[in-house]
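Visitor: next input, structure requested:
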Amino acid sequence: MGSKMVKAVLWVTACLLSVGCAGAQVTQYNVGVWYPAAADIVYAMHKGVFESYLNQAVGTSLNVRFKVIVVDMDEDTLAEKLIDENKLDFFFSMVGRIVCVQRAFDWILLATARNRGLGTEVGAHSTLMYSLKSNTAIKNVEDVKGKRIGVTHIDSSSYYLAKEILADHGVDMFRDPSQIVFYGGGFEDQLSHVLTENIDVGFTNGIYLFLKFPQQIPNLVFHNLLNATYESAKYPLPTSAPLTPAFTLACSQQIPFTVKKAVLTALMNLDPASPQALISSLSNFTPAASLFDVRASMEHANLFDPHGRCYSPFEDPAEIMVCPRGFVLDTAKGLERRCEFNRLTCPAGYPC
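Guide: Got it, this is the predicted structure:
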């Protein structure tokens, strides 16, 4: 009799510890992640932290599991679409995209990443205005008049802060440059076009540029440089605009408080030397930084549609362009004709 009771207790204990045992209810949370790279690379980068590590640090004790989903690669994987379909519970991305989700769904900001790089940890990103050093036509911000400029996503700091930088120097982004090129997540394509002078000026994420393409830094010149500090320390990279918080994790308000608290605690305790952290280029996390200034800049840049949602990063950029009085928006076909006439290879773009 005693032996049977011991076996029963052992079976129940094993059942409670197992996520697959009959009768045990395991709640799965989907974590959407994005990074400017191919989907398989993004998944490999973030699976370690947001799936393996969280399952180990949080999943067993709370009877939950986390699954990484790569998002924002196309219209079908757009974060807003997946949230509408109840397929996303957490979202880790650049702060512009996080503001989009926070505003549309009243999501909660949970944690801000600290990036590893350049011998230090940084919890903020810089936005850089850069050109080819040998392109002597670009000496300052005003020189972009009549030139071609490149930005990335319409809801990234390289767009809405670029618009502010130019405006501060009396330059209208939609009137004065000869062409605006939207590269989406094609950071590398933008840099390549600056190096080949297919565009004259690029606006991009500073830490990405310095970490991924350090060999090209000597060939570039940076404009409108500011003295920036973050968390009372001098920022280790140049920046052309005020700093923005680094990639941020947000979550649905429907997530139980115990799960949110456990996830934040686990991420703050992430070992920077662990394989999961190393492959993701993340060090650890802090409680989420405020995105108030980011949201204000995005509102000023007219990045929200009449329903209060962000324009899709895959939408025709012409939808968000407001030409100054007396100017009209050029068409893609008209742009192609002018490029062909001038014997230029032109990426997509729509000047006024």
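Visitor: now the helices for the chain?
Guide: Taking DSSP state H, the helices of the chain run over residues 2-17, 39-47, 54, 60-62, 79-84, 95-105, 157-168, 187-195, 206-212, 257-268, 275-280, 292-300, 332-341.
Visitor: dump these to JSON lines, plus mean neighbour count and distance to Phe247.
Guide: Every C-beta, even on glycine, is put in place using the N, C-alpha and C of the backbone. Output for those, formatted as JSON lines (neighbours: other Cβ atoms under 10 Å; distance: least, Cβ to Cβ, whole Å):
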{"stretch": "helix 2-17", "mean neighbour count": "10", "distance to Phe247": "33"}
{"stretch": "helix 39-47", "mean neighbour count": "17", "distance to Phe247": "10"}
{"stretch": "helix 54", "mean neighbour count": "26", "distance to Phe247": "16"}
{"stretch": "helix 60-62", "mean neighbour count": "12", "distance to Phe247": "24"}
{"stretch": "helix 79-84", "mean neighbour count": "18", "distance to Phe247": "13"}
{"stretch": "helix 95-105", "mean neighbour count": "23", "distance to Phe247": "7"}
{"stretch": "helix 157-168", "mean neighbour count": "22", "distance to Phe247": "12"}
{"stretch": "helix 187-195", "mean neighbour count": "20", "distance to Phe247": "14"}
{"stretch": "helix 206-212", "mean neighbour count": "21", "distance to Phe247": "10"}
{"stretch": "helix 257-268", "mean neighbour count": "17", "distance to Phe247": "12"}
{"stretch": "helix 275-280", "mean neighbour count": "17", "distance to Phe247": "10"}
{"stretch": "helix 292-300", "mean neighbour count": "17", "distance to Phe247": "12"}
{"stretch": "helix 332-341", "mean neighbour count": "12", "distance to Phe247": "32"}
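Visitor: and of the ones you listed, who's closest to His307?
Guide: helix 95-105 (8.6 Å; Cβ to Cβ).
Visitor: now do the closest one: everything it contacts.
Guide: 34, 72, 79-80, 83, 91, 107-109, 125, 153, 155-157, 160, 244-248, 250, 252, 291, 294-295, 298, 303-304, 308-310, 313 (Cβ atoms under 8 Å, 6 or more residues apart in numbering).
Visitor: dump the C-alpha coordinates for stretch 167-178 into CSV.
Guide: Provided in CSV are the C-alpha atoms of stretch 167-178 (Å, rounded to 0.1, in the frame of the first residue of the first chain):
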residue,chain,number,x,y,z
ALA,A,167,13.2,71.2,-41.1
ASP,A,168,15.4,72.7,-38.4
HIS,A,169,17.7,73.8,-41.2
GLY,A,170,15.0,75.2,-43.4
VAL,A,171,14.8,72.2,-45.7
ASP,A,172,11.5,70.6,-46.6
MET,A,173,11.9,66.8,-47.1
PHE,A,174,9.2,66.6,-49.7
ARG,A,175,10.2,69.7,-51.7
ASP,A,176,13.9,70.4,-51.6
PRO,A,177,15.6,67.1,-52.3
SER,A,178,15.3,65.8,-55.8
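Visitor: in the stretch 251-352 of the chain, where is pLDDT below threshold?
Guide: Under the criterion of pLDDT under 70, the regions of the stretch 251-352 of the chain flagged as low confidence span 316-352.
Visitor: mind doing that once more with 50?
Guide: 347, 352 (pLDDT under 50).
Visitor: re earlier: narrow the contacts of helix 95-105 to those that are buried.
Guide: 34, 72, 79-80, 83, 91, 107, 109, 125, 153, 155-157, 160, 244-248, 250, 252, 291, 294-295, 298, 303-304, 310, 313 (16 or more other Cβ atoms under 10 Å).
Visitor: count of residues packed around the spatially closest residue to Asn284 that is not a sequence neighbour?
Guide: Excluding the flanking residues, the one nearest Asn284 by Cβ to Cβ, 6 or more residues apart in numbering is Leu270, at 4.4 Å. Other residues near Leu270 number 22, with proximity taken as other Cβ atoms under 10 Å.
Visitor: could you measure from Leu270 over to Leu243?
Guide: In this view, Leu270 and Leu243 are 22 Å apart by Cβ to Cβ, to the nearest Å.
Visitor: one more: Ser252?
Guide: Counting by Cβ to Cβ, the gap between Ser252 and Leu243 amounts to 28 Å.
Visitor: what does Gln56 give?
Guide: Taking Cβ to Cβ, one finds Gln56 at 33 Å from Leu243.
Visitor: the more surrounded of these two?
Guide: For Gln56 against Leu243, the residue with the higher neighbour count under other Cβ under 10 Å is Leu243, and the figures read 22 against 13.
Visitor: residue contacts, the more buried one?
Guide: Residues near Leu243 by Cβ under 8 Å, 6+ apart: 124-126, 228, 230, 235.
Visitor: centre of the chain versus stretch 137-148, how much separation?
Guide: Here the centre of stretch 137-148 is set off from its chain's centre by 27 Å, with Cα atoms, centre = their mean, to the nearest Å.
Visitor: what about it, average pLDDT?
Guide: Along stretch 137-148, the predicted local confidence has a mean pLDDT of 92.
Visitor: who touches that stretch?
Guide: Contacts of stretch 137-148 with the rest of the structure, by Cβ under 8 Å, 6+ apart, involve 129, 131-132, 165-166, 168-171, 176-181, 198-201, 221, 223-224, 349.
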